[in-house]
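Novice: give the three-dimensional model of this entry:
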Amino acid sequence: MLVITDSAAIVLRALLDAEDAPNRAVRISEHLGPALDSGNAHTIRVEVVAEAPDEDEVLNAPGGLHVCVEPHTARLLDDKVLDGSSDEPGRPSLVLIAASSRSTRGKTCKQASACDVGGSGGPVPELISIPLPHLTAAILEVNAQLDAGKRCEIAEVKARVVDGSLFEWLRTSGIETLQFTSNERTGLLLLFGSLDEVANERRKFGVERNGYALVLAWLVEALQQRLASEGLYPV
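Specialist: I've put the predicted structure just below:
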């Protein structure tokens with residue numbers, strides 16, 4: 001069975017949210033198209049559809065997301081892992097990895113092939129478009145929560161990154177002045193998810209007990225990457 005990672009689920013949810021329409025579904029299917037040589041190539045397409053065929057297999061992705069897979073494609077991807085990445089500035093991506101070659105946590109995966117990501121709702125949002133004042137204000141807000149003695153479980157923060165509800169939950173927790181747009185929130189969730197994949201929060205960020213401290217560390221990392229995109233912070 002195709003395995004969908006947390007990072008891939010964040011990318012898929014971003015595709016779905018970009019459609020801004022209820023009752024849509026994420027669907028994975030195989031398409032035959034022109035290759036770089038004279039022949040044809042099979043590509044795996046990920047898209048948002050109004051309705052998936054009844055015969056599609058339905059996979060339960062992290063965060064409660066349901067993903068429909070065309071039956072032949074499901075058999076083709078039976079030994080694969082669908083992973084997401086936001087390593088490159090700009091657009092995040094989806095890659096397929098052979099399950100047997102999947103690396104250990106924090107190391108680069110080899111033998112990966114890119115997926116064709118489509119849909120009528122436009123591109124997945126970009127991280128580097130977030131205004132610097134929005135990130136700075138968020139850092140100060142979360143820091144104020146820590147100063148007031150607020151705490152939450154790290155596991156809850158991670159779960160809310162995967163299911164896309166982190167910023168709504170922060171609002172209800174007392175951080176009411178977050179200025180991120182919907183696209184900016186998605187870009188941050190993708191970054192937070194990728195950081196969780198590659199970093200031990202205690203070793204990298206010095207965080208062990210408080211989820212708010214982890215959010216603060218992630219926001220500082222986002223600010224550093226945002227500054228680096230303009231050449232204002234050493235990479």
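Novice: rest of the way, CA atoms for contacts and neighbours
Specialist: OK.
Novice: and residue 171, how many neighbours does it have?
Specialist: Counted with other CA atoms under 10 Å, the neighbours of residue 171 add up to 12.
Novice: residues touching it, list them.
Specialist: Residues counted as contacts of residue 171 (CA atoms under 8 Å, 6 or more residues apart in numbering) are 177-178.
Novice: and it, that one's in a strand?
Specialist: No - under DSSP: H, G, I helix; E, B strand; the rest coil, residue 171 sits outside any strand and is assigned helix.
Novice: just the pLDDT at it, thanks.
Specialist: In this model, residue 171 is scored at 90, pLDDT.
Novice: now it: how far from residue 163?
Specialist: Counting by CA to CA, to the nearest Å, the gap from residue 171 to residue 163 is 16 Å.
Novice: try residue 144
Specialist: 25 Å.
Novice: how about residue 219?
Specialist: If you go by CA to CA, the gap between residue 219 and residue 163 works out to 18 Å.
Novice: give the buried residues for the helix or strand hosting residue 72.
Specialist: In this structure, residue 72 sits in helix 71-76 according to DSSP states H and E. For helix 71-76, the neighbour count (16 or more other CA atoms under 10 Å) marks 71, 73-74 as buried.
Novice: likewise stretch 56-65?
Specialist: 56-59, 61-63, 65.
Novice: pLDDT score for residue 98?
Specialist: 80.
Novice: for the one 3 residues further on, same thing?
Specialist: Residue 101 carries a pLDDT score of 56 in this model.
Novice: which parts of the chain are strands?
Specialist: 3-4, 25-34, 40-49, 57-61, 65-69, 80-85, 93-98, 112-114, 116-117 (DSSP state E).
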